[in-house]
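J.: here is my input; please provide its structure:
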Amino acid sequence: MPEVRYFEKDDGEVMRFWRIRREGIRCHMSWGQVGGRIQGSSMTLDDVAHAERHLARKIGEKQRQGYVEVAMPVVVAAVDELADAPLLDVMRAQEEKRYAGAWSFYWSGYAPVDGRAGVFAKFHDFQGGPGTFYDYLVLSEDERRALHFIVKQPGHDPRTVSAFLDFVRPRIGLAFDGRSHHKLPLPAPIGRFDHVLISGPSLCGNRYGGRIGAAIPILDCEICDEDTETLVEARLRGRDPMPSTTWDREPYPVIDLKFDLRSANGFAELGGRTSLREKTFKVHRRSMLERGIGLLSAAGPGSWFEIRNYRREILTLTPADVAPQTPAEIHRFLLGDAAG
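T.: Now for the predicted structure:
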């Protein structure tokens, strides 16, 4: 269950409030004037212990600012009649709260997929922005939950989608077993993919009361088996994220980096800065990898650069290791079996 704490502060002119809600590794804050406009922000932490420390630290800050914890305002409401309702009914009810006709607008274009009970698809004909894509919703047998996935049109192949549905439909329950994600090997490749990532509601914004998860075909090299929820979220939605809706993509391997680069004369590329450090492994884009290797070649003694791949293997490089063949060696290290 979420942990919610609520505070108020009377500054003599207005009553202000501040609220924090912790759900697993995520902390959601909201604040503003009581009865007025509300602002908010969210943060994903490394693990539950880190989230608990963050919660305690933020509460301490607010208490020092004069906020006092009080009981949450109570709103008496009827029992939720949709608690056990089918997902589509829950979606309809929540969409209709936005404005009259919102559900008809949202659901317009979705149609049952031939031969696939409980599977719906909609084609979005966007010529600009994200381009054209297919939007799929796969209901569970009891129709109370679903998996969602999107396929951009250039990589959309009905046979590949059909094989994907064969695999994920019986495994919808995995998205709701309390874990944030599952990386599953395929018994046979689907297109060029050899694994499937099934994400729970926490990685999908807890849409419609946490009833929707996601399914993404992946290559083994694109997600670590031991990845935490924070790392998976960074790979899916962080800097230069994996293009999970592009099913004809090239391999998008894990690139985790940490480094200590030093130059007595300063790095020209960094405007004369003499050092660049990352103390812990973090998800980085390929451009940072390429830039880091370039800096390493010009770095001084004691400099090092570490790369971690999807197998959690670590490649450590020093300035003396940089050679013309280094980029090709790194490419093979990152892709593993996919390099062939």
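J.: for the residue most central in space within the chain, give me its contacts.
T.: With distances taken as C-alpha atoms, centre = their mean, the residue of the chain nearest its centroid is residue 233 (2.7 Å). By C-beta atoms under 8 Å, 6 or more residues apart in numbering, residue 233 lies in contact with 44, 203. Bear in mind the C-beta positions are built from the backbone N, C-alpha and C, glycine included.
J.: contacting residues for residue 305?
T.: 257, 259, 261, 292, 293, 296, 316, 317, 318.
J.: now, those that are in strands?
T.: Judged by DSSP state E, strands contain the following of the contacts of residue 305: 257, 259, 261, 316, 317.
J.: what's across from the second one in the sheet?
T.: Spelled out, it's residue 259. Using DSSP bridges, the bridge partners assigned to residue 259 are residue 278, residue 305.
J.: only the buried subset of the contacts of residue 305, as a PyMOL command please.
T.: One line in PyMOL is enough to select the buried members of those, burial here meaning 16 or more other C-beta atoms under 10 Å:
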select buried, resi 257+259+261+292+293+296+317
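J.: and the residue nearest to the centre of the chain, how far from residue 257?
T.: Distance, residue 233 to residue 257, using C-beta to C-beta, to the nearest Å: 18 Å.
J.: now residue 131. Nearest residue, chain neighbours left out?
T.: residue 152 (6.1 Å; C-beta to C-beta, 6 or more residues apart in numbering).
J.: next, format the contacts of residue 305 as a markdown table and append distance to residue 42.
T.: What follows is the contacts of residue 305, written out as a markdown table (distance: C-beta to C-beta, whole Å):
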| residue | distance to residue 42 |
| --- | --- |
| 257 | 25 |
| 259 | 29 |
| 261 | 33 |
| 292 | 30 |
| 293 | 34 |
| 296 | 36 |
| 316 | 35 |
| 317 | 36 |
| 318 | 40 |
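J.: low-confidence bits of the protein, can you list those?
T.: 1, 74-83, 340 (pLDDT under 70).
J.: per-domain residue ranges of it.
T.: 3-69, 109-237, 256-339 (automatic domain parsing).
J.: quick one: the shortest one to chain centroid distance?
T.: In this case it means domain 3-69. 23 Å (C-alpha atoms, centre = their mean, to the nearest Å).
J.: quick check: end-to-end length of it?
T.: 14 Å (C-alpha to C-alpha, to the nearest Å).
J.: for stretch 88-108, same thing?
T.: 13 Å.
J.: which residues sit against that stretch?
T.: Contacts for stretch 88-108 (C-beta under 8 Å, 6+ apart): 82, 85, 139, 143, 208, 209, 211.
J.: just stretch 116-132 next, same as before
T.: 109-113, 133-141, 143, 152-154, 165, 169.
J.: buried subset of the residues you listed?
T.: Buried, going by 16+ other C-beta under 10 Å: 113, 133, 134, 135, 136, 137, 138, 139, 140, 152, 165, 169, out of the contacts of stretch 116-132.
J.: helix, strand, or coil at the fourth one?
T.: So that's residue 135. Recorded secondary structure, residue 135: strand (DSSP: H, G, I helix; E, B strand; the rest coil).
J.: TSV please, covering the buried ones among the contacts of stretch 116-132 and showing distance to residue 73.
T.: Output for the buried ones among the contacts of stretch 116-132, formatted as TSV (distance: C-beta to C-beta, whole Å):
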residue	distance to residue 73
113	45
133	42
134	43
135	38
136	40
137	35
138	38
139	36
140	35
152	44
165	45
169	43
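J.: among the residues you listed, which two are most distant?
T.: Spanning the widest gap among these are 140 and 152, at 25.5 Å by C-beta to C-beta.
J.: how much space is there between residue 215 and residue 190?
T.: Residue 215 is 11 Å from residue 190, by C-beta to C-beta.
J.: just residue 268 next, same as before
T.: 47 Å.
J.: of those two, who's got more company?
T.: Taking neighbours as other C-beta atoms under 10 Å, residue 268 and residue 190 compare with residue 190 leading, 22 against 11.
J.: my guess is the more buried one meets residue 167, correct?
T.: Yes. Using C-beta atoms under 8 Å, residue 190 is in contact with residue 167, at 7.0 Å.
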